[in-house]
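Participant: any chance you could fold what I've pasted below:
(2 chains)
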Amino acid sequence: MDQTLTQSGARVVDGADALADLVRRSAAQRLPLVDYGRAHQGLGNPPPGEHVAFSQVGGILDHYERDFTVRAAAGARLGDLQAALFKTRQFLPIDADEDLSLGEVISHHVYGGLRAGYGSVRDHLLGLRYIDCRGQLIQAGGRTVKNVAGYDVTRFLVGGLGQFGAICEATIRTYAVPEQTMVVDLDVADPAGIDAKLSPLLLSDATPAWMILTRRKGEWALQIGYFGRLTGCVAQLHALEVQVSGTDTLNIAATSTSSTLERDLGDLARQRAWRRSAGALVKIVVPPASTGATAKALAAWADEAEDADELLIDAMPVHGCLWTGGNLTGPAAQELDQVILKLIAPVGGLRVWANRPADALDIAPFAPVQPDWPMLQRLLATLDPLSMFNPGRFLKPETAKP
Amino acid sequence: MPTPHPAIAELRAVLGERGVVSDPNELRVYECDGFPIAKGMPIAVVFPIDTEQVSAAVKILNKHNLAIVPRGSGTGLAGGCVSFGDGVLVSTSRMTKIEKIDITNRMAIVQAGVRNLALSDAVAASGFHFSPDPSSQRAATIGGNAATNAGGINTLKHGVTVNHILGVEMVLPDGTIIQTRAGQLFDGVGPDLPALLCGSEGTFGIITRLWCRLAPKPKHFRTVYAVFPSTADACKTVTDVIAAGILPTSMEMMDGAMIQVVEQAFHFGFPSDAAALLLLEIDGVDEVLDEQMEAMLVIAQKNNARDCKRCSDPARRAELWSARKKAFGAIGRISRSYCTQDACIPRSKLPEAMERINAIGKRHGLTITNVFHAGDGNVHPILLFDEDKPEEVQRTLIASQEILEYCIEIGGTITGEHGVGVEKLHLMPKLYSAATLQTFLSIKKTFDPRQIINDAKLIPSDKLFVELVHPVGMNMNVSGGAGA
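Facilitator: Numbers count the residues shown, from 1 in each chain, chains lettered A, B, ... in the order given. A predicted model of the protein is given here:
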């Protein structure tokens, strides 16, 4: 077993064999394993009692360049993966914190505005290898673009929060780095107005490679990115102009026609940098056509509430996902939570607290209860009967409810 | 006349006369799916009209310890919806309601028996469609598409069924109704249960309702075809186009024998001496498509293509794709029977794989022709045989197995879109470790502890004996009674 420790005392594990060994030893001692990484803060507390914290490292294991496929260790840092792939003019269309490991991106189903044009990691993932609670290597999927042999455990583990096994490798589709990108900044008079505009926009040639609605210092902005040849980007810009003309909701403010993918990804990372240090951070999922209205209502609350006027919002209207938060006090976080629950109830939305202020830890991280949780609980009991992996992070070992 | 099973009367009481078929003559239609080598007669077929009826029927079958086999339109290609032993088919073919279309949220709620194309037709005026496009999309149900995670021609760019399913409702083998991500959300909390249910081939339960993502229907296309003097040149073109950063909607390939079949049936004017034909389509922003099309043609020409044709006429384009989708049907012109394989391999291995497949065919004295999704690396070798010649059937099955084993060797899989069913059960241990197969079985038992629903399909076991490569016989030997 690798005994290297991180600053936080986590064991550093390199490779599937070392991970399997760690699992077997920990299982023998009935010590749960907790894979603390950047994305895990706030999602449930560490399990009570003794446990082994571990962190994986690694890099690219195989790059099947002509197949546009890469096999990488779960511990590979996303930034390192992208840098290596960029050298071959390929990339993973995942805009996430570059310090996240690939395993975390998968386990937490991390995505950003690029999901609008490329889908999320769920759509790119071809195969996984993970270590089960007995220390066995389980192979799900493979390296082919299509594969329906056996159950799709690969995609099942996306968003599984590391409770069903310890992912050690992933095989993912890569994409060609676009020759050119274009970034369009739009002024937003009314974020709720975006909701009605979205379907027509997606049906037009203005359908974006990425799209982000942000609120900073009380101001709204919508950014849209286009990828491809310059002629294509310009054509898309013209299509966007048609879409926004005559509306008082959106107005094109600036256009950067000389952008590159590297710069776009860097800008997107800087935009969401606040989330790394936000004491209060919550992800909200609503039907796509409710995204703008939800964002607007959150801002209205922030304008009225004490200590919340700096509330930050990043919204991805194409998929109905919003991240909001900032440095809120515990009571403000509690109040925000009530506002969110009230907003999402009529539209069937859900929310997940990623970070809760220290004096607001009684906020349930996941709500509302979803109808499939009892089935997931049964699957957890099947796949991790010993509660070896991150027990209680999402599903609690003993009860049917998270 | 044998005495009807006591469950039949109970099923009729719940589903009505129209809801149950038990006459042996009528049942003959249901003895196989699109994999006619595997045949089994159910004791009845039931036709519920909604989730509650499915649940009620399943409870009756459960009480009588009868095996339950879900079935959509029966267009599957792996024997997955056939009953072996004392089983009852639960058909979703009367569950055809499109319950909700929500264009602003780009989703629809459908009963499982809604045909794939019916949903796209229903939303056509909005500019959206249901993107998965298996060749059987006129007949195949969306429930069946989800159960097999069906692919199609446009999957290279637009994804397979699982990429377009937001939520699923399923009736479990004890009659319990579960729903996962049943709403208008494009994300959920926790592991992705809909993805696990997609492709489970009816071995967990019966899919009764789906929340489907609607995608913008592409408006601008360019379609080209190029004829090559060798399959290797065509295969190299496929990888070169993708390496050039172009992501076509579809890259379909036919070899020489298939070109002749299609030409005889549809008269496109394809050269009779061509060794391979690539049919390529791109979609996207109109202004860049011509440039991309020319780039693809340059690549094709560098790889020795001759007779490259641009098809900008929508009617001509529709004819070409119609011919592609009907290509399998046209094989009947040259062979009484055929066996289609469905391996998927890394795209870069296509040239050597085509060579090996042809060599295997030659060694066994068989004609193998190919029409397949080259862009996905999803090969469909079609082995021609005469089913009245047992020895030829045997050679066909042996050759099929050799092809699939070779595909595993080069990093591929035994099925890209048809599923395992019973056809490929025997190959699963060659693809997956014992630990992985045990995990599959554990998952199956979580949904189906008594193992009565489509049991012994997808996961190899000693319950269903499938001997495809029979030493002397002509048909596969499928015996045993799952759940019986």
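Participant: contacts, neighbours, all on C-alpha from now
Facilitator: OK.
Participant: buried ones in stretch B:205-220?
Facilitator: B:205-218 (16 or more other Cα atoms under 10 Å in any protein chain shown).
Participant: out of those residues, who's nearest B:Asn454?
Facilitator: B:Gly205 (8.3 Å; Cα to Cα).
Participant: pretty sure that closest one is touching B:Leu172, no?
Facilitator: Yes: look at B:Gly205 against B:Leu172 with Cα atoms under 8 Å: they come within range, at 4.4 Å.
Participant: list the residues that contact both of those two?
Facilitator: Between them, B:Gly205 and B:Leu172 share these contacting residues under Cα atoms under 8 Å, 6 or more residues apart in numbering or on different chains: B:447-448.
Participant: what lies in contact with stretch A:192-201?
Facilitator: Taking Cα under 8 Å, 6+ apart as the rule, stretch A:192-201 contacts A:207, A:240, A:243, A:249-250, A:288-296, A:317-318, B:103-106.
Participant: between the buried residues of stretch B:205-220, which is nearest chain A?
Facilitator: Closest approach to chain A among these (Cα to the nearest Cα): B:Pro216, at 5.5 Å.
Participant: contact partners for the closest one?
Facilitator: A:202-203, B:127-129.
Participant: tell me who's in contact with the residue of the stretch 201-350 of chain A found nearest chain B.
Facilitator: Residue nearest to chain B within the stretch 201-350 of chain A: A:Pro287 (4.9 Å; Cα to the nearest Cα). The neighbours of A:Pro287, taking Cα under 8 Å, 6+ apart as the test, are A:319-320, A:347-349, B:105, B:184-186.
Participant: what strand or helix carries the residue nearest the centre of chain A?
Facilitator: Nearest residue to the geometric centre of chain A (Cα atoms, centre = their mean): A:Val110, 1.5 Å. For A:Val110, there is no helix or strand it lies in under DSSP states H and E.
Participant: and it, what are its phi and psi?
Facilitator: Phi and psi for A:Val110, reported as degrees, to the nearest 10, are phi -80, psi 130.
Participant: quick one: it from chain B, how far?
Facilitator: According to Cα to the nearest Cα, to the nearest Å, A:Val110 stands 11 Å off from chain B.
Participant: A:Pro93 is in contact with that residue, correct?
Facilitator: No: A:Val110 lies out of contact with A:Pro93 (Cα under 8 Å); the separation is 11.5 Å.
Participant: need the overlap of contacts for those two.
Facilitator: Joint contacts of A:Val110 and A:Pro93 (Cα under 8 Å, 6+ apart) are A:Ser120.
Participant: what pLDDT is listed against A:His51?
Facilitator: Reported pLDDT at A:His51 in the predicted model: 89.
Participant: if I pick it, what's in contact with it?
Facilitator: A:His51 sits next to A:31-34 when contact means Cα under 8 Å, 6+ apart.
Participant: which of those has the most neighbours?
Facilitator: A:Leu33 (26 neighbours; other Cα atoms under 10 Å in any protein chain shown).
Participant: give me the residue from chain A nearest chain B.
Facilitator: Counting by Cα to the nearest Cα, chain A gets nearest chain B through A:Gly160, at 3.9 Å.
Participant: that residue belongs to a strand, doesn't it?
Facilitator: No: using DSSP: H, G, I helix; E, B strand; the rest coil, the secondary structure at A:Gly160 is coil, not a strand.
Participant: for it, grab phi and psi.
Facilitator: Dihedral angles (degrees, to the nearest 10) for A:Gly160: phi -70, psi 0.
Participant: please report how far it lies from A:Ala367.
Facilitator: 16 Å (Cα to Cα, to the nearest Å).
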